[in-house]
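Peer 1: this is a predicted model, with the sequence first.
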Amino acid sequence: MINITFPDGAVRQYERGTTALNIAKSISEGLARKVIAAGVNGQVWDLSRPINEDANLKLYTWNDAEGKTTFWHSSAHLMAEAVEGMFPGVKFWVGPPVENGFYYDMDLGDRKISEEDLTAIEKKMNELAKKNSQYIRKEMPKAAAVEYFTEKGDEYKLDLLQQLNDGEITFYTQGNFTDLCRGPHIPNTGLIKAIKLTNIAGAYWKGDEKNKQLTRLYGVTFPSQKELDEYLVLLEEARKRDHRKLGKELGIYTMDDDVGPGLALWLPNGTIIIEELERLAKETELAAGYKRVVTPHIAKESMYLTSGHLPYYQDSMYPPMELEGQKYYLKAMNCPHHHKIFAAEPKSYKDLPFRLAEYGTCYRYEQSGELFGLMRVRCLHMNDAHIYCTKEQFYEEFKAVNDMYIKYFKIFGIEKYVMRLSLHNPEKLGQKYVDEPELWKETEALVRDVLIRTNTPFVEVQDEAAFYGPKIDVQIWSTIGREFTLATNQVDFAQGRRFKLEFTNHDNKPETPLIIHRAPLGTHERFIGFLLEHYAGKFPVWLAPVQVKVLPISDKFLDYGKSVADKLKKSDIRAEVDDRNEKIGKKIRDTELMRVPYMLVVGEKEMNENKVAVRRQGKGDTGVKGVEEFLNEIKLEVEERRGE
RNA sequence: GCCGUUGUAGCUCAGUGGUAGAGCACUUCCUUGGUAAGGAAGAGGUCAAGGGUUCAAUUCCCUUUAACGGCUCCA
């Protein structure tokens, strides 16, 4: 007998060689029907795998992340079985679960899978699922595995096998499909009740753009049709709050073929949001001791050679303009310009920390396929600043920047983000990163120290640093699930020396400052794109392009409505009057759809009493108020930059 | 940049080898209506651009361009 310990600490005895499925059955039939995979001593196992020793056991269902990934990974195998049936000779690479579903990369040779084929594959998968085939695990000696795939002529699986050691190789078979796979899998295909193949895409083999492009098939499956339906509704909801859709509907920005790809034109409504954000940044930065500067949009090649940017980023800069034998580049970053401002006048340690801020306009020639609404553009306005400080000042300065982030995130109610400590990769010193192994270690430790001492939750990732130093990126997700860096806080130990930036220290000796690059509000483009989705277009009053819409019941009250709006406008409230010849219901509907926070309905009663009937967007009629009273309330709401 | 899909009115989208349609928006008129769509009439399109096949191309083919779904990339 062996002892099985459950998550609640209970211990029960079972026959040696029992399985997680048997254990589940011993608890209840209902559980046995729902269970998908098992956690055995922290590893995810097949339910049918014999347990031969004492173990900690956790049973996973669809509601657990481990359950879902197992379910989806098994679904990828099912999809592969269907594809192999329809496209004999297809070769498979890998088929992992992802955040919402799974994919499988495959080499179809000269054949192509079309959208219509997806429906046929779905149908086939449904047929195969109904056969209720078991997923059978089999341990394989490496030689036998190599022989199997050599015979099959599958160079992809042979490539995978190369990295595996004898004794850790397993095959899984369900129905007519056998795959090299470490598992685990669900017990049988019958659990997969609802299938949706979502899209076809190209993907480079091993993620390297120099390699051949494979066909990637994405899909998602569920244990019931109901869950699939709910998922599709959720997707539809997400599409509705896509910033590209809302940006158009709310008149925030537009793109034009004659202007060029990735070059957003800010419409009046979007410009109001830009100006509110800049006002916030300006207030915050002045209070934090920053000095504001303004720099040109272009600079000579020599500056980017000095900074070191050119060799790293030439391909993603707009090509240079040549004038009188000089090359000028559109700036892709503001730092070199700021460094020149630092260098313009001699500095003493008494001038440090020296903080320069600018909403800088940058141009980056992002590859055409990378452009994405406002989130990835070619002209961007960055909430940039550079802080020049001594090593001793670094902790306080870096921490202050971090605090500024948190302050901003609170204002906007941003909660779903990940702070990512992005480190260098020692193997790429001299290529992707400046070759200063010691300085890398030192500054990485400095940054990590700030995060730890401030109890900031973060994840560490290798090979994501800037070329001049480590950084903290704030990662967020667009409504359709794509990940972006919203804000960034970077250390730079390289450019100071390259630009020969110096200050005179206490001992009257020249010393190079450390530089912090920071952009807590990212760029206007990405930040507003994010906010559109974050608020689903319902901006808080202080950011709303139109804060108040006055809706006269009929033309007879138009003059009164205008007088109310004028009064609000005199107090810097963005108010408009709906003077169209429409019924009140229509005016309300249109104003609601434009997400105007406050609607003031005015008719006979209101006019006679100098009042307004206040309607809050999304909340309906909230009663009648004096004009003064409403004005005072909304002024306060704007001033405090109140959220909900 | 690569693989795939798409491009028809300001917007959302039908449609066709014989030079185009709906709803909303817009203009005018009627209506003056109290909390999510009042009615009528009208105007609006080189069917992304260029080339080819054809008696005839918005429709079929090719190229370009842009957007979209991914991959790669992101100072």
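Peer 2: On my side now, so go ahead.
Peer 1: so where do the helices sit in the stretch 101-250 of chain A?
Peer 2: Taking DSSP state H, counting those that start in this stretch, the helices of the stretch 101-250 of chain A run over residues A:115-130, A:142-152, A:155-162, A:225-240, A:243-249.
Peer 1: quick check: which of these is buried the most?
Peer 2: Using mean count of other Cβ atoms under 10 Å, the stretch among the helices of the stretch 101-250 of chain A with the greatest mean number of neighbours is helix A:243-249 (a mean of 20). Using the backbone N, CA and C atoms, a C-beta is placed for each residue, glycine as well.
Peer 1: just checking, next helix/strand downstream of that one?
Peer 2: Sequence-wise, the next helix or strand downstream of helix A:243-249 (DSSP states H and E) is strand A:253-254.
Peer 1: and that following strand, which strands flank it?
Peer 2: Here strand A:253-254 has these sheet partners by DSSP bridges: strand A:265-266 (antiparallel).
Peer 1: any idea how far the next helix or strand after the strand it pairs with is from the chain center?
Peer 2: Moving toward the C-terminus from strand A:265-266, the first helix or strand encountered (DSSP H and E) is helix A:268-287. When C-alpha coordinates are averaged (Cα atoms, centre = their mean, to the nearest Å), helix A:268-287 and its chain have centres 23 Å apart.
Peer 1: quick one: contacts for A:Arg376?
Peer 2: By Cβ atoms under 8 Å, 6 or more residues apart in numbering, the contact list for A:Arg376 reads A:262, A:366, A:370, A:484, A:526.
Peer 1: contact partners for A:Ala120?
Peer 2: A:Ala120 sits next to A:Met86 when contact means Cβ under 8 Å, 6+ apart.
Peer 1: likewise for A:Ala357?
Peer 2: Going by Cβ under 8 Å, 6+ apart, A:Ala357 touches A:281, A:285, A:290-293, A:384-385.
Peer 1: may I see the residues you listed organised as TSV, with pLDDT added?
Peer 2: Putting the contacts of A:Ala357 into TSV (pLDDT from 0 to 100) gives the following:
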residue	pLDDT
A:Ala281	98
A:Glu285	97
A:Tyr290	98
A:Lys291	97
A:Arg292	97
A:Val293	97
A:Asp384	97
A:Ala385	97
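Peer 1: quick one: which of the residues you listed sit in strands?
Peer 2: Counting by DSSP state E, the members of the contacts of A:Ala357 that fall within strands are A:291-292, A:384-385.
Peer 1: what's around whatever residue of the stretch 301-450 of chain A ends up closest to RNA strand B, how many residues?
Peer 2: Of the stretch 301-450 of chain A, the residue with the smallest distance to RNA strand B, taken as Cβ to the nearest atom of the strand, is A:Gly369 at 2.1 Å. A total of 7 residues lie near A:Gly369 under the criterion other Cβ atoms under 10 Å.
Peer 1: so for it, what's the pLDDT?
Peer 2: According to the prediction, A:Gly369 has pLDDT 92.
Peer 1: against A:Ala76, how distant is the spatially closest residue to A:Ala385 that is not a sequence neighbour?
Peer 2: In space, not counting the residues next to it along the chain, A:Ala385 is nearest to A:Ala357; the distance is 3.9 Å by Cβ to Cβ, 6 or more residues apart in numbering. The gap separating A:Ala357 from A:Ala76 is 49 Å, by Cβ to Cβ, to the nearest Å.
Peer 1: for the stretch 51-200 of chain A, what lies in contact range of RNA strand B?
Peer 2: With the criterion set to Cβ under 7 Å from any atom of the strand, the stretch 51-200 of chain A comes near RNA strand B through A:112, A:114-115, A:199-200.
Peer 1: and for the stretch 251-400 of chain A?
Peer 2: For the stretch 251-400 of chain A, the contact set with RNA strand B under Cβ under 7 Å from any atom of the strand comprises A:255, A:257, A:260-262, A:309, A:312-313, A:316-317, A:332-333, A:335, A:364-373, A:376.
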